[in-house]
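**Q** Kindly generate the corresponding structure for this input.
(one chain, ligands or ions: 1)
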Amino acid sequence: MRRFALTAIVLASSLTSTLALSNDKVLNLYSARHYQSDEAMYAKFTETTGIKINRVDADDAGIVARLKAEGSASPADVIVLVDATRMASADAQGLFKPMKSAKLDAAIPAHLRATPTKDGVTWTGFSTRARVVVFDPARVKAADVATYEQLADPKLKGLLCTRSGSHPYNLSLFATTVERLGEAKGEAWLKGMVSNMARAPKGGDTDQVRAVASGECGVALTNTYYVARLMRSDKPEDRATMAKVQVVFPNQASSGTHVNIAGAAIAQHVKNTAHAVAFMEFLASPFAQDYFANGNNEFPAAKGVKVDNPALKTMGGDTFKADTIALGVVSKNLTKVQQMLDRVGYR
Ligand code: FE
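**A** This next block holds a predicted model:
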């Protein structure tokens, strides 16, 4: 009898939840970011709006492939991707829907968003990461690596290491630098870097930092959150790596250090625009900004929001001058930069 009663209760409650689901407010989120802190952020969104989040987790390429395969049948409402190059590329493939939001216009600096059209803005950055220089102070002077331009100086011959030139992190930096320097100087800069390579590009950003510490390279490029991870690591070998290298935020006396974004966009075939807009606006709120940025040792994108991250602070990340060139230029220059990389042999 007791067992029967329990079964009846379970049945009744599962029936209720099925009914509730069909009337529920839902947002379908395709995300290339998965950090533990995300859960708390999403729970808060559901708590304040009553909108449940169904999440599809994949990497950036997986999400783009899935959206293309699903076409107009895609249930995706909001897409979270990492890097302006990936945003620009997905945008160029027609996967995003432009949106208008006075809240986002006010909260997020325009240079961290796609170039606006008459229909609105497609993608919006919600956190930033700086692309910094790491060097071996035993082999390289800080004054010789104070700018991105100096990475092409023959003084650094045989010392430079980077990941692949066509990796999105590098493409975004190169696309904004080519915009700033112009095509001729931009291509000469890329060529100069190729001449300075200590080895053919390979590995990820963390591998470059380790290669500087091991003496294989004298100078390398990396995103700030990889440096922060090594600094905060509980592995002694990671802290030993950081003890051997120094970090420079380039171009402090000129254009500022290149910053890239992790961001979001409304899906082209969005099923519930109101929920999607509400979620995008939520991501710009101080609460969500704290989780979104700190979950990966990044900086908040919204104006006036600061998060306390000791590793970023130690690195100089609370005071550096960031480049404010519009990341929308990445869309415009992407193909051009890829052709330049082919010409100068930057693999
Ligand atoms: Fe990364």
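**Q** ok, now how distant is residue 160 from residue 318?
**A** Remark: distance between residue 160 and residue 318 (CB to CB, to the nearest Å) = 28 Å. No exception for glycine: its C-beta is placed from N, CA and C like everyone else's.
**Q** Which one of these two is surrounded by more residues?
**A** The neighbour count for residue 160 versus residue 318, taken as other CB atoms under 10 Å, is higher for residue 160 (28 against 13).
**Q** what residues go with each domain of this structure?
**A** 2-128+259-308, 129-257+328-344 (automatic domain parsing).
**Q** so where's the stretch 151-300 of the chain shaky on pLDDT?
**A** Scanning the stretch 151-300 of the chain for pLDDT under 70 picks out no residues.
**Q** would you list every one of the strands in it?
**A** Ranges of strands within the stretch 151-300 of the chain are 160-161, 219-223, 246-248, 259-267, 299-300, based on DSSP state E, counting those that start in this stretch.
**Q** Ok, the stretch 1-150 of the chain next?
**A** 25-31, 51-57, 78-82, 96-97, 123-135.
**Q** now the third one against strand 51-57, angle please.
**A** Looking back up the chat, that one is strand 78-82. 40 degrees (axes from the mean of the first three to the mean of the last three CA atoms, to 10 degrees).
**Q** Specify the beta-bridge partners of the spatially most central residue of the chain.
**A** With distances taken as CA atoms, centre = their mean, residue 262 lies nearest the centre of the chain, 3.1 Å away. Residue 262 has these beta-bridge partners by DSSP bridges: residue 82, residue 127.
**Q** so who does it touch?
**A** Contact analysis of residue 262 by CB atoms under 8 Å, 6 or more residues apart in numbering lists 33, 80, 81, 82, 83, 125, 126, 127, 129, 292, 296, 298.
**Q** Kindly indicate which of these lies nearest residue 336.
**A** residue 83 (17.8 Å; CB to CB).
**Q** Just give the number of residues close to the residue lying closest to that closest one once chain neighbours are set aside.
**A** Leaving out its chain neighbours, the residue that sits closest to residue 83 by CB to CB, 6 or more residues apart in numbering is residue 168, at 4.2 Å. Residue 168 has 21 neighbours, counted by other CB under 10 Å.
**Q** do you know how far residue 168 is from residue 319?
**A** 27 Å.
**Q** Quick one: residues contacting residue 252.
**A** Counting by CB under 8 Å, 6+ apart, residue 252 has contacts 146, 320, 321.
**Q** show me where the stretch 201-347 of the chain has helices.
**A** 205-214, 224-232, 236-244, 273-283, 286-294, 310-315, 329-344 (DSSP state H, counting those that start in this stretch).
**Q** And the stretch 51-200 of the chain, by the same measure?
**A** 60-70, 84-92, 102-107, 168-181, 183-195.
**Q** nearest to residue 135, of the contacts of residue 262?
**A** For these, with residue 135 as the reference and CB to CB as the criterion, the closest is residue 129, at 18.9 Å.
**Q** picking up where we left off before, for the helices of the stretch 51-200 of the chain, give me CSV that also has distance to residue 220.
**A** Formatted as CSV, the helices of the stretch 51-200 of the chain follow (distance: least, CB to CB, whole Å):
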stretch, distance to residue 220
helix 60-70, 23
helix 84-92, 19
helix 102-107, 34
helix 168-181, 12
helix 183-195, 11
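**Q** among those, which is nearest residue 276?
**A** Using CB to CB, the nearest of these to residue 276 is helix 102-107, at 11.9 Å.
**Q** what residues does that closest one touch?
**A** 113, 121, 124, 280, 281, 284, 302, 303.
**Q** repeat that for 6 Å
**A** 124, 281, 284, 302 (CB atoms under 6 Å, 6 or more residues apart in numbering).
**Q** Just the local confidence number for the residue lying closest to residue 286 once chain neighbours are set aside, please.
**A** In space, and not counting its chain neighbours, residue 286 is closest to residue 305: 5.1 Å by CB to CB, 6+ apart. pLDDT recorded at residue 305 is 95.
**Q** hang on, residue 305 packs against residue 290?
**A** No. At 7.5 Å, residue 305 and residue 290 do not qualify as touching, with contact defined as CB atoms under 6 Å.
**Q** Spell out for me the PyMOL command that would select the buried members of the contacts of residue 252.
**A** The following PyMOL line selects those of these that are buried, judged by 16 or more other CB atoms under 10 Å:
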select buried, resi 146+320
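**Q** Now render the contacts of residue 252 as a markdown table, adding distance to residue 345.
**A** Putting the contacts of residue 252 into a markdown table (distance: CB to CB, whole Å) gives the following:
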| residue | distance to residue 345 |
| --- | --- |
| 146 | 26 |
| 320 | 32 |
| 321 | 32 |
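**Q** can you put the contacts of residue 252 in CSV and add pLDDT?
**A** Shown next, in CSV, are the contacts of residue 252 (pLDDT from 0 to 100):
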residue, pLDDT
146, 98
320, 97
321, 98
